[in-house]
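K.L.:
Provide a 3D model corresponding to the input given below.
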Amino acid sequence: MIEDKTPQRTSLAQLGEFGLIDHLTKHFGVSQESTLKSIGDDAAVLDFKDKKILVSTDLLIEGVHFDLAYMPLKHLGYKAVVVNVSDICAMNAKATQITVSVAVSNRFPLEALEELFAGIALAADEYKVDVIGGDTTSSQKGLIISITVLGEADADEIAYRNGAKENDLLVVTGDIGAAYMGLQVLEREKQVFQVNPNSQPDLDAYTYLIERQLKPEARKDVRTLLHALEIKPTSMIDISDGLSSEIIHLCKQSGVGCNLYEDKLPLDPQLINVCEEFGIDSTTVAINGGEDYELLFTIKMEDFDKIKGNPNFTVIGHMVPESEGIHLITRADTKIPLKARGWNALSEES
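P.N.:
Now for the predicted structure:
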């Protein structure tokens with residue numbers, strides 16, 4: 001199929017704010033019993049009966065959190081939902097509704113927003129969350145997306161960051177570091193493109209890493225898996241800012257220390273190969289790279305047999321008395337204090 005070099009451009013001013021909202025949200029249905037009223041009134045109405053309600057919100061800003069040079073708008077819409085759903089998964093709860101707010105500059109035509117909202121709709125369908133409202137406004141510079149997510153859980157299901165105890169095992173889902181290396185590959189290709197706009201990148205060797213960066217998934221399955229194994233996490237967090245930062249959050253809020261074992265870190269083979277290609281230490285990437293959206297949690301020592309050998313989970317360390325500190329135990333059996341070198345949105349060095 002030949003690419004259309006002159007795509008249709010419909011001015012947002014033609015629709016007006018309410019016309020735009022109607023146009024972008026007409027495909028959103030309702031799948032949750034708790035959604036009594038979604039888009040179209042002054043507020044959404046939710047009925048949670050006996051459930052506890054969880055709320056989280058995230059702001060994504062062009063040039064800080066994403067680069068449209070290599071981030072397709074449809075992927076961006078999908079990812080914006082995922083990063084919010086992940087926060088609810090990190091509480092061992094189920095995401096149910098989201099609100100979506102966007103600020104756009106006049107360089108975005110209607111068709112660009114349609115792509116963004118197509119990604120949002122795809123994720124909403126995948127994660128069975130209802131889009132129940134939001135806001136649109138203009139922006140002086142680029143694109144800004146703010147999503148608020150609501151979730152539900154029974155009181156005894158919810159996992160907080162402050163429940164880890166000494167001797168608890170530290171467990172991670174999936175593999176880590178891949179999203180960070182996906183970003184490095186995309187940044188490198190962007191530099192090449194800027195020098196030679198005719199170059200066609202061959203990204204076959206990096207497909208997994210790039211997908212982890214451009215289209216991450218929230219671990220909505222973990223709650224079900226743990227429930228089936230009859231495991232209640234003692235503490236939990238998602239890996240958005242980097243493993244080291246998240247471990248430090250759990251330790252500080254729980255009043256414990258931690259030993260993290262380098263030889264236990266779950267790394268995808270593609271990650272190891274690409275780290276070698278870039279001359280970057282894979283352990284450094286695994287503990288400092290963010291945006292994996294895997295879950296990090298602690299369990300009681302006696303629950304070890306329940307997850308032993310389970311392909312979804314890897315035990316990577318254990319909690320120790322607070323006085324022992326937070327350390328990485330290297331393959332050479334040396335102890336290195338763990339520092340938070342992960343993503344910091346307020347730092348210019350990130």
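
K.L.:
which residues of the stretch 251-350 of the chain fall in helices?
P.N.:
Under the criterion DSSP state H, counting those that start in this stretch, the stretch 251-350 of the chain contains helices at 269-278, 282-288, 304-307.

K.L.:
how about those, which one is nearest V45?
P.N.:
Each of the helices of the stretch 251-350 of the chain has some distance to V45 by CB to CB; the shortest is helix 304-307, at 39.9 Å. The way it works is simple: take the backbone N, C-alpha and C, and place the C-beta from them, glycine included.

K.L.:
V100 against I120, yeah?
P.N.:
Yes. Judged on CB atoms under 8 Å, V100 makes contact with I120 at a distance of 5.9 Å.

K.L.:
re earlier: single out the most deeply packed of the helices of the stretch 251-350 of the chain.
P.N.:
helix 282-288 (a mean of 21; mean count of other CB atoms under 10 Å).

K.L.:
contacting residues around it?
P.N.:
Contact with helix 282-288 is made by 176-177, 180-181, 242-244, 260, 262, 265, 267, 271-272, 275-276, 328, 338, 341-342, as judged by CB atoms under 8 Å, 6 or more residues apart in numbering.

K.L.:
what about 7 Å?
P.N.:
Here helix 282-288 makes contact (CB atoms under 7 Å, 6 or more residues apart in numbering) with 176-177, 180-181, 242-244, 262, 265, 267, 271-272, 275, 328, 341-342.

K.L.:
With stretch 258-274 instead?
P.N.:
With CB under 7 Å, 6+ apart, stretch 258-274 has contacts from 170, 172, 174-178, 181, 185, 206, 208-209, 247, 251, 282-283, 286, 314-320, 326-331, 338.

K.L.:
Check stretch 67-86 too.
P.N.:
Under the criterion CB under 7 Å, 6+ apart, residues 56, 58, 60, 62, 66, 95, 98, 112, 115-120, 122-124, 127, 129, 145, 147, 149, 186, 190, 214-218, 220, 238, 240, 293 lie in contact with stretch 67-86.

K.L.:
One more: stretch 308-317?
P.N.:
The contact list for stretch 308-317, computed with CB under 7 Å, 6+ apart, reads 169-173, 225, 258-261, 264-266, 307.

K.L.:
Phi and psi next, for A93.
P.N.:
Main-chain dihedrals, A93, degrees, to the nearest 10: phi -130, psi 180.

K.L.:
what's around the nearest residue to it once chain neighbours are set aside, how many residues?
P.N.:
Once flanking residues are discounted, A93 sits nearest to A153: 3.6 Å by CB to CB, 6 or more residues apart in numbering. Residues near A153, counting by other CB atoms under 10 Å, number 18.

K.L.:
Phi, psi for A153 please.
P.N.:
Main-chain torsions, A153, degrees, to the nearest 10: phi -170, psi 160.

K.L.:
residues contacting it?
P.N.:
When the contact criterion is CB under 7 Å, 6+ apart, the partners of A153 are K51, K52, L54, M91, N92, A93, K94.

K.L.:
So what's the predicted local confidence for it?
P.N.:
If you check A153, the pLDDT there is 93.

K.L.:
quick one, strands of the chain?
P.N.:
35-37, 45-46, 52-61, 94-104, 130-138, 144-153, 169-173, 235-238, 256-261, 295-299, 313-321, 326-329, 335-337 (DSSP state E).

K.L.:
deepest of the ones you listed, which one?
P.N.:
strand 295-299 (a mean of 26).

K.L.:
For that strand, what is the distance to the chain centroid?
P.N.:
Offset of strand 295-299 from its chain centre (CA atoms, centre = their mean, to the nearest Å): 16 Å.

K.L.:
Give the partner strands of that strand in its sheet and their orientations.
P.N.:
strand 169-173 (antiparallel), strand 235-238 (antiparallel) (DSSP bridges).

K.L.:
could you give the mean pLDDT of that strand?
P.N.:
pLDDT averaged over strand 295-299 gives 98.

K.L.:
before we move on, back to that, quick one, which of the helices of the stretch 251-350 of the chain gets closest to S105.
P.N.:
Of all the helices of the stretch 251-350 of the chain, helix 282-288 sits nearest to S105, with 32.9 Å by CB to CB.

K.L.:
Could you export that closest one as PDB, keeping only the C-alpha atoms?
P.N.:
Taking C-alpha atoms only, helix 282-288 is exported to PDB below (Å, rounded to 0.1, in the frame of the first residue of the first chain):
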ATOM      1  CA  SER A 282      23.500  -5.300  31.700                       C
ATOM      2  CA  THR A 283      23.200  -5.300  35.500                       C
ATOM      3  CA  THR A 284      23.400  -1.500  35.500                       C
ATOM      4  CA  VAL A 285      20.600  -1.400  32.900                       C
ATOM      5  CA  ALA A 286      18.500  -3.900  34.900                       C
ATOM      6  CA  ILE A 287      18.600  -2.100  38.200                       C
ATOM      7  CA  ASN A 288      18.500   1.500  36.900                       C
END
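
K.L.:
and that helix, average pLDDT?
P.N.:
Per-residue pLDDT over helix 282-288 has a mean of 96.
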